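1. how would this look folded up:
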Amino acid sequence: MLLAGGCSSGDGGGDGKADASPAPATSSPAAVESETAAAPKLSEEWGPKLDAATDSSKPNVCKEVGSQPCVDHITELTELVYDVRDAIDTAGATVVYPKTVEAIGNVEDASASYAEGGCAGSSEETLADGSVCGGYVATLLLGPATLSMTMTTDELTAS
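-> The predicted structure follows:
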């Protein structure tokens, strides 16, 4: 659209339209500032969802880290974390949420490692045995709670 505006400026009177071109350039930083100002509202929307997901944890669902109920549960939690990542990206607020983005990266790494490590379907490893797969599951189970806290921390730091 900026190109269309630029073409219109060239086709019309150069003086009046040329002054209009800097205005959109000036409003772009203002738009970025308004997105940054809106960023703290992300915890208002996502905090309750993350807390609810954490509270919905079923006792012992991941006692066996490869069981289907565990796989289903950590998949739901991980998808919520990815939704938060998408919300931060959409808001253009990655700079406002550095610790949250880092925590999301930890969940992404744990999810990929869980999948690549053949943890799903394993009946030999438990959450309590200190196994590598158990560590991935612990990270995935704690992901929503971690994000809820880091979002708030990032917002307090940014303000």
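2. who's in contact with the residue most central in space within the chain?
-> The chain has residue 85 as the residue nearest its centroid, 1.8 Å off, counting by C-alpha atoms, centre = their mean. By C-beta atoms under 8 Å, 6 or more residues apart in numbering, the contact list for residue 85 reads 101, 104. Every residue, glycine included, has its C-beta placed from N, CA and C.
3. what stretches of this protein score poorly on pLDDT?
-> The chain contains residues with pLDDT under 70 at 1-40, 56-57.
4. Was I right to think residue 62 contacts residue 127?
-> Yes. Using C-beta atoms under 8 Å, residue 62 is in contact with residue 127, at 5.2 Å.
5. Mind giving me the packing neighbours of the longest helix belonging to the chain?
-> Criterion DSSP state H: the longest helix present in the chain is helix 132-158. Packing contacts for helix 132-158, counted by 3 or more C-beta pairs under 8 Å, 6 or more residues apart in numbering; DSSP states H and E, involve helix 41-55, helix 68-91, helix 98-116.
6. Of those, which is nearest residue 154?
-> Each of those was scored for nearness to residue 154 using C-beta to C-beta, and the closest is helix 98-116 (5.3 Å).
7. Which parts of the closest one count as buried, going by neighbours?
-> By 16 or more other C-beta atoms under 10 Å, the buried positions in helix 98-116 come out as 100, 101, 103, 104, 106, 107, 110, 111, 114.
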